[in-house]
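[1] this one's sequence-less:
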C-alpha cells in the first residue's frame with residue numbers, strides 16, 4: 001500500500017513539473033528580426049550607406065538574442081547574409097517569421113533603401129492620388145512575377161497576420177506613407193518609426209556612414225544615450241535631428257500607454 005502511495009506521489013510530481021515547464025515555455029519571449037539594407041540596386045541608382053545601416057542594426061540586435069534574417073544586395077559586406085533583398089525574398093522571409101512567432105514574442109521589420117511614391121489617379125497634378133512604396137533590390141527589374149516594389153497596402157497585408165509585438169523601422173524616402181499598418185487588428189502591439197512624412201526624404205550622411213534617421217535613432221539614441229524604450233529613443237533622436245518639414249521623422253505608436261522595449 002505504501003509503495004502505491006509513493007508511486008502516486010511521484011506521478012503527481014512529474015505531472016506538476018511537466019505542467020510548470022509547459023507554462024514557462026509558453027511565457028518565453030523569443031525575438032525575430034528581418035533586416036533589409038540595399039545600397040547597390042539591380043537597375044535603379046545606388047545608395048551609399050544602407051548596407052551599413054543593416055550591419056549596425058544586426059550588431060545591436062544580435063547580442064539581445066534576436067534570430068535574424070538579413071537580406072541585402074550582392075556587392076556589399078554584411079556580418080550575415082541570407083540572400084538578395086528582392087521583393088519575393090523579403091515577403092517570404094517575413095511570412096516565415098510570422099508563422100513562427102507567437103503573441104509573447106517580438107518581431108522586427110527594419111529596412112533601409114530607396115522609397116518612392118506613385119500616382120494611381122488622373123495625370124492632372126491637382127487630381128493625382130499617390131501611394132507610397134519601398135523599393136526592393138529588383139525595382140524596375142522585377143523578379144519572380146513581382147515588380148520590386150512593396151506598396152503601402154502590401155506592407156499592411158504583410159503585417160496583418162502578426163500577433164506579436166511588432167517593431168517597424170523604415171529609413172526610406174516617403175516612408176511616412178506606410179502607416180496603413182496601424183489599421184490592422186494588431187495595431188495596439190505595433191510601433192512604427194519612419195525617416196520622414198509621406199512626402200519627404202531620407203538622407204545618406206557620409207559624416208556618420210549611415211542613413212540619417214538610422215544614425216540618430218540607433219547610434220545616437222539607443223546606443224549613445226542608452227535609451228531603454230523605442231519611445232524614449234524617438235524623443236532623444238527627434239530633438240537633435242537636422243531635417244524638418246516633410247523630412248521630419250514620424251512615430252506611430254499603437255499603444256502609447258505601454259512602452260516598447262527591444
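    Received, thanks. Every value quoted in this text rests on a predicted model; they were computed, and no experiment measured them.

[2] In contact with residue 134, which residues?
    111, 113, 115, 149-150, 155, 170, 172, 175, 178 (CB atoms under 8 Å, 6 or more residues apart in numbering). Every residue, glycine included, has its C-beta placed from N, CA and C.

[3] Please repeat the previous calculation with a cut-off of 10 Å.
    36, 38, 87, 90, 111-116, 148-152, 154-155, 170, 172-175, 178 (CB atoms under 10 Å, 6 or more residues apart in numbering).

[4] again, but for residue 228
    Counting by CB under 10 Å, 6+ apart, residue 228 has contacts 222, 259, 261-262.

[5] Please apply the same query to residue 96.
    Here residue 96 is in contact with 32, 34, 69 (criterion: CB under 10 Å, 6+ apart).

[6] The last one is in contact with residue 97, isn't it?
    Meaning residue 69. Yes. Contact criterion CB atoms under 10 Å: residue 69 and residue 97 qualify, at 7.2 Å.

[7] what touches both of those two?
    32-34.

[8] Most neighbours among those, please name it.
    Neighbour counts for the shared contacts of residue 69 and residue 97, by other CB atoms under 10 Å, peak at residue 33, which reaches 24 neighbours.

[9] distance between the helix or strand hosting it and the chain's centre?
    For residue 33, the enclosing helix or strand under DSSP states H and E is strand 31-37. In terms of CA atoms, centre = their mean, to the nearest Å, the centre of strand 31-37 is set 6 Å apart from its chain centre.

[10] same thing with stretch 155-172?
    Counting by CA atoms, centre = their mean, stretch 155-172 comes out at 6 Å from the chain centroid.

[11] picking up where we left off before, direction included, what does the strand holding residue 33 pair against?
    strand 67-72 (parallel), strand 106-112 (parallel) (DSSP bridges).

[12] after the first one comes which helix or strand?
    Put plainly, it is strand 67-72. helix 87-100.

[13] quick one, that following helix and strand 106-112 angle?
    Taking axes from the mean of the first three to the mean of the last three CA atoms, to 10 degrees, one finds that helix 87-100 is oriented at 170 degrees with respect to strand 106-112.

[14] Would you indicate which residues of helix 87-100 are buried?
    87-91, 93-94, 97-98 (16 or more other CB atoms under 10 Å).

[15] And for stretch 233-240?
    Within stretch 233-240, the residues that count as buried by 16+ other CB under 10 Å are 233-234, 236-238.

[16] go on, stretch 35-48?
    35-42, 44, 47.

[17] what's the answer for stretch 51-59, then?
    Those would be 51-58, for stretch 51-59 by 16+ other CB under 10 Å.

[18] Please consider this matter closed, and thank you.
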